[in-house]
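> just the structure for this:
(one chain, ligands or ions: 1)
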Amino acid sequence: MDRNQAWAARAAEALTPNYRQHPVALVRGEGVRVWDVEGRAYLDFLGGVAVSALGHCHPAAVEALTRQARTLWHVSNHYFIPRQIELAEALLAVTPFARRAFFCNSGAEANEVMLKLARKFFADQGHPERHEIVSATGSFHGRTLFTVTVGGQEKYQHGFEPLVPGVRHVPFGDVAALEAALDHRTAAFVVEPIQGEAGVVVPPAGYLRAARELTRRAGALLCLDEVQTGVGRTGRMWAHQGEGIAPDLLASAKGLGAGFPIGALLATEEVGAHLTPGSHGTTFGGNPLACAVALAVLAELRGGLLERAHQVAGHLLARLEALRSTGRVVRIRGQGLLLAVVLQGCEAAAVADAARERGLLVNPIGGDVLRLAPPLTLAPAEADEAVALLEAALLAAPARQGATPA
Ligand SMILES: *Cc1c(COP(=O)(O)O)cnc(C)c1O
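Got it, this is the predicted structure:
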C-alpha cells in the first residue's frame, strides 16, 4: 500500500462519505504543478475547481498573506477593516455597474445573500408578492438549502425537502421560456453566464442580453452568478462584460481569493442600499487575511495577468482543437481558461484516470465531458505539455461499451 492509499483508508474511517475522491493525497504545490504524498508531480488543470487563479503558492499571494498574518488576522465586522474597504474599492473600480460590495466566505454564501437581497429589495418597497426566483435548469449555485433549490439539479435536492418555496426553473438558453416565466411575481432571474458545473455549457449568443432586456421589462432584477466565470477566468474580469450588459447583482468567489476562502456580492447603488443595518451579516466575511490575498489577486490581474491569460487561452484552445485528430474529441467549448473537451467513444472518467496516471489532473463531468480550468498563470509550454498528456490519455482509454472504434 503506498501512502496515497494509506490516506484514502484513513479518510474512509474519519470523514463523512459525501465526496467521491480520486486516490491521490496532494501535499505541495508550485505554479501549475502539485505533488502527491509519494512525490509524483501533476499538472493541475482542475485548478482547485477554477479557484487557483494564480497557480499554487504564487509569491505575491504568499507575501500578501504572510504579511497580513503577522499584522492582524480577524476582528469581525463590528469594526472597520481597512483591507476590506480597499478590496471593495478595487473590485468596484473594475466592475462598472456596481457601487456596493458585501463580503462573505464562499460562492454559496454570495448567492445566498444575492437571493435574499433580491427579495428584500421588493419587500422594502411594499411588494412582498414579488418574491419569485426564476433560474435555469442545469444551473449550480451552491449547497445551502436556498441555493440547491435555485440550482436546477434534483440530485442535489434529494432528501433535503421541503425546499425553499417561490423558485421556478426555465430551460437554460431558451429566451421564449424565460419571457413566459417572468411576471409581476418575479423578484429576479438568476443565471450563470456559462454553466460551469453542468460541463461548461455556453448559452446561445445574445442570451444574456435578452435576459437583461426581459428582466428590465418585467421589472425584475438580473442576478449573475459569476462565482466560476469571474475574476479573469473567461478572459475578462467578468464574463458578462463580453455581452456588453450590466446586471443588478453579481456573486463572486472561487478565483477571487485564489485558494483563500472569500466570496463577494457586488450591487448597484439602488439595490445594494437595501442590505440595511442588521439585515444580513457574517462573522468571517471580509476578514483581513482573505481581503489581503484578494487584493494581491486583483493587483496581478491589473498588472498584465488578464492579458497573458487571454493569450495562453488562445494557444491552449488551438492545441486542444488539434486533438480532434484522435477521433475521440468532438469539440471544445467554453471561453478563456474555462474549457470543456467533449468526447466520443470513451468514458470521461476513464480518460481522466488515464490522464492522472500520466501526471495531468482534469475533471470528468457526466459521461463525455472533461472540464479544464488551469491557473491563469499557465505558460504556453505547460499548455503544450498538458495537451500531450491528454492526447496519450485519450488514446489509452478503453473504448466505451458498444462504441465503434475511433
Ligand atoms: C462553485 C460554485 C458555486 C458554489 O461555491 P462554493 O464556494 O462551493 O459555495 C456557486 N455557483 C457557481 C457557478 C459555482 O461554480
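> list the contacts of Ser52.
Gly29, Asp44, Gly255, Ala258, Gly259, Pro375 (CB atoms under 8 Å, 6 or more residues apart in numbering). (Glycine included, C-beta is placed from N, CA and C.)
> excluding its backbone neighbours, what's nearest Ala292?
Gln68 (3.7 Å; CB to CB, 6 or more residues apart in numbering).
> now do the phi/psi pair for that neighbour.
With angles defined as degrees, to the nearest 10, Gln68 shows backbone torsions of phi -70, psi -40.
> and Ala392, by the same measure?
Dihedral angles (degrees, to the nearest 10) for Ala392: phi -60, psi -40.
> ignoring the adjacent residues along the chain, who's closest to it?
Per CB to CB, 6+ apart, closest to Ala392 is Arg358, 5.7 Å.
> what about that neighbour, how many neighbours?
Arg358: 16 surrounding residues under other CB atoms under 10 Å.
> also Val200?
27.
> does it touch Val342 like I think?
No: using CB atoms under 8 Å, Val200 is not in contact with Val342, being 9.2 Å away.
> what do these two both touch?
Listed contacts common to Val200 and Val342 are Arg333, Val369; contacts here mean CB under 8 Å, 6+ apart.
> mind listing what's buried along stretch 34-49?
Buried residues in stretch 34-49, counted by 16 or more other CB atoms under 10 Å: Val34, Trp35, Asp36, Val37, Tyr42, Leu43, Asp44, Phe45, Leu46, Gly47, Gly48.
> what does that stretch rub up against?
2-4, 7, 24-29, 32-33, 52-53, 56, 228, 254, 259, 356, 359-363, 371-375, 382, 385-386, 389.
> low-confidence ranges, the protein, go.
Within the chain, the segments meeting pLDDT under 70 span 402-406.
> picking up where we left off before, can you sort out which of the contacts of Ser52 also neighbour the ligand?
Subset of the contacts of Ser52 in contact with the ligand: empty, counting by CB under 6 Å from any ligand atom.
> secondary structure and distance to Ala393 added to those residues, as a markdown table?
What follows is the contacts of Ser52, written out as a markdown table (DSSP: H, G, I helix; E, B strand; the rest coil; distance: CB to CB, whole Å):
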| residue | secondary structure | distance to Ala393 |
| --- | --- | --- |
| Gly29 | strand | 21 |
| Asp44 | strand | 15 |
| Gly255 | helix | 26 |
| Ala258 | coil | 27 |
| Gly259 | coil | 26 |
| Pro375 | coil | 20 |
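> farthest pair within the residues you listed?
Gly29 and Gly255 (15.6 Å; CB to CB).
> and these two? which has more neighbours close in?
Gly255 (29 against 20).
> ok, that one touching Ala294?
No: contact criterion CB under 8 Å: Gly255 and Ala294 do not qualify, at 9.5 Å.
> now do the buried residues in the helix or strand hosting Ala354.
Using DSSP states H and E, Ala354 maps to helix 348-357. Under the neighbour-count criterion of 16+ other CB under 10 Å, helix 348-357 has Ala348, Ala349, Ala350, Val351, Ala352, Asp353, Ala354, Ala355, Arg356 buried.
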